[in-house]
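Engineer: Kindly return the folded structure for what I paste below:
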Amino acid sequence: MSTNHKDRAARALALGTSTLYEASGLRCSVDPLIRAAWPGAAIAAPAYPVQCSPGDNLGIHIAMERAPRGSVLVVGTGDFVAGYWGEVLTVAAEAAGLAGLVIDGGVRDVAALARRRFPVFTRGVSVRGTVKASAPSVGEPIPFTCVTVAAGDLVVADDDGVIVLPAADVERTLAAGEARAAKEAEMMLKLAAGATTLDLLGLSQWRDRA
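Structural biologist: Next comes the predicted model:
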């Protein structure tokens, strides 16, 4: 990952997905049912998209050789929950320098994923294995739940969820997110000093109406 990408990743992780989503003004959040496989997992890295057939993880194996170091694999499966990923692929991903996995299908070996601290965000957990017979798309843009993901888009994922920022919108969104975070920090200082959210948010006219 380049120095520029590392800087953007650090800024994104510091802000978090909720702040970035609000600051972006974009419909950039994926299905909220896609959650961290273990508590505290977090990713901010360029996307490398992969489309798999339901119950078939061949595309993932191909992507392991093609994805640039520092990428996060974003794997579409048509929402088919099976064990597309486990400890073996995690070890391979670590060796390949990958940053994590976001998948709309399923994974297994979750205790090993947590032990290795490899960031994985998934729709579910399943012991069911997969075949290796087709690879519809590797490295090309894909529809992923309710967003489109292209190589180089910034994926940010944490305990609040997963967002995908188009490459062209990353810097603008980071700057807007930092401004939003500064404003919220100022608001929290005022709240700690006794101000109310009704007053600070301009909602005081509702105080006597409810």
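
Engineer: Helix or strand with the lowest mean pLDDT in the chain?
Structural biologist: helix 3-15 (a mean of 91; mean pLDDT, DSSP states H and E).

Engineer: Show me what that helix is in contact with.
Structural biologist: Contacts with helix 3-15, where a contact means CB atoms under 8 Å, 6 or more residues apart in numbering, come from 1, 20, 23, 42, 44-46, 70, 154, 156, 158, 170-171, 174, 177-178, 181. C-betas here are computed from N, CA, C, even on glycine.

Engineer: Restrict that helix to CA atoms and write it as CSV.
Structural biologist: Taking Å, rounded to 0.1, in the frame of the first residue of the first chain, the C-alpha atoms of helix 3-15 are listed here in CSV:
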residue,chain,number,x,y,z
THR,A,3,2.1,6.2,1.6
ASN,A,4,-1.0,8.1,0.3
HIS,A,5,-3.2,5.0,0.7
LYS,A,6,-1.8,4.4,4.2
ASP,A,7,-2.5,8.0,5.2
ARG,A,8,-6.1,7.8,3.9
ALA,A,9,-6.6,4.5,5.7
ALA,A,10,-5.4,5.9,9.0
ARG,A,11,-7.7,9.0,8.6
ALA,A,12,-10.7,6.8,7.7
LEU,A,13,-10.2,4.4,10.6
ALA,A,14,-9.9,7.3,13.0
LEU,A,15,-13.2,8.8,11.8
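
Engineer: Just checking, which helix or strand succeeds it along the chain?
Structural biologist: helix 17-24 (DSSP states H and E).

Engineer: helices and strands around that next one, which ones?
Structural biologist: strand 154-158, strand 161-165, helix 170-192 (3 or more CB pairs under 8 Å, 6 or more residues apart in numbering; DSSP states H and E).

Engineer: Ok, which of the ones you listed comes nearest T148?
Structural biologist: Among the helices and strands packed on helix 17-24, the nearest to T148 by CB to CB is strand 161-165 (8.1 Å).

Engineer: pLDDT weak spots in this protein?
Structural biologist: 1-2, 210 (pLDDT under 70).

Engineer: Start from the N-terminal end of it and give the helices.
Structural biologist: According to DSSP state H, the chain carries its helices in the segments 3-15, 17-24, 58-66, 87-96, 110-116, 170-192, 197-200.

Engineer: Pick the most deeply packed of those.
Structural biologist: helix 17-24 (a mean of 20; mean count of other CB atoms under 10 Å).

Engineer: quick one, that one and helix 3-15 angle?
Structural biologist: 110 degrees (axes from the mean of the first three to the mean of the last three CA atoms, to 10 degrees).

Engineer: Please verify my assumption that S24 contacts A176.
Structural biologist: Yes - applying CB atoms under 8 Å, one finds S24 in contact with A176, separated by 7.2 Å.

Engineer: so what sits against both of those two?
Structural biologist: Taking CB under 8 Å, 6+ apart as the criterion, S24 and A176 do not both touch any residue.

Engineer: can you pull the contacts of the residue nearest to A92 when sequence neighbours are not counted?
Structural biologist: In this structure, A92 finds its nearest non-sequential neighbour in M64, 5.5 Å apart by CB to CB, 6 or more residues apart in numbering. By CB under 8 Å, 6+ apart, M64 lies in contact with 89, 92-93, 96, 98.
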